[in-house]
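1. Would you be able to build a 3D model of this:
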Amino acid sequence: MDQQPLPNLPAPEPPPTTRQLLESLLFVAGEPVMISRLARALEVPADAVEVALAELQEECRNRGVRVQRHGETLQLVSAPAAAPAIARFLGVEAGTRLSPAALEVLAIIAYRQPLTRAQIDAVRGVDSSGVLRVLQARNLISDAGRLETVGRPILYATTAEFLRQFGLTSLEALPPLDVPLNIESAE
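-> Take a look at the predicted model:
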């Protein structure tokens, strides 16, 4: 029998890097994932996940997806600039916008969290109860505990959903605030 020469086989691919595996895990997760869980799945220490995360964030800077971090959780999200195209693709109509009062309260909380309703009211000069309910219903703020004072009022803080909707990777990504918010006296 005449033996045919073997075809050129492609070279085997190198094993995936921790960064590549991290990206894959975040892609399939579809929801925020704790860094400790990612480290266990990748069988690497948490600091190796942090190094891979920094590489992935840099690589995603000019792409259609971003890595969003909230505390010890990570999530792969679409780039904020892609929102209009994504809405058209999904057939989503523009949602209801936040009122100026809701944006005001959200900004106060974002920059000074955690805060009580009374502290927010002291900055605004008006009752914020209704606005706080709207922001909680939209999962932009949540209860962050209780202030250790008479009546133990609820403390409010922003959520990971707030970061996602405003295209922020963390609270440190908020633009600098020029106006001091003097709210220490309100309780």
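2. C-alpha from now on. contacts and neighbour counts both.
-> Noted.
3. got the domain boundaries for this protein?
-> Per the record, the chain has its domains at 18-79, 100-172, by automatic domain parsing.
4. Turn those domains into CSV, columns for distance to Pro7 and mean pLDDT.
-> Shown next, in CSV, are these (distance: least, CA to CA, whole Å; pLDDT from 0 to 100):
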stretch, distance to Pro7, mean pLDDT
domain 18-79, 30, 90
domain 100-172, 49, 89
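5. Could you say which one of these comes nearest to Leu9?
-> For the domains of the chain, the distance to Leu9 is smallest for domain 18-79, at 24.2 Å, taking CA to CA.
6. Could you dump the domains of the chain into CSV with mean neighbour count added?
-> Output for these, formatted as CSV (neighbours: other CA atoms under 10 Å):
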stretch, mean neighbour count
domain 18-79, 16
domain 100-172, 17
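7. Including distance to Arg88, could those domains go into TSV?
-> Putting the domains of the chain into TSV (distance: least, CA to CA, whole Å) gives the following:
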stretch	distance to Arg88
domain 18-79	14
domain 100-172	17
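8. which one of these lies closest to Phe89?
-> So among the domains of the chain, domain 18-79 is nearest, using CA to CA, at 13.2 Å.
9. Just the endpoints, please. Distance across that closest one?
-> Criterion CA to CA, to the nearest Å; first-to-last residue distance in domain 18-79 is 23 Å.
10. likewise stretch 73-90?
-> Terminal-residue distance, stretch 73-90 (CA to CA): 26 Å.
11. other SSEs contacting whichever helix in the chain runs longest?
-> The helix spanning the most residues in the chain, taking DSSP state H as the definition, is helix 46-60. Counting contacts by 3 or more CA pairs under 8 Å, 6 or more residues apart in numbering; DSSP states H and E, helix 46-60 packs against helix 18-29, helix 35-42, strand 65-70.
12. List the contacts of the longest one.
-> When you say that, I think you mean helix 18-29. Residues from elsewhere that reach helix 18-29 (CA atoms under 8 Å, 6 or more residues apart in numbering): 33, 38, 42, 48-49, 52-53, 55-56, 74-76.
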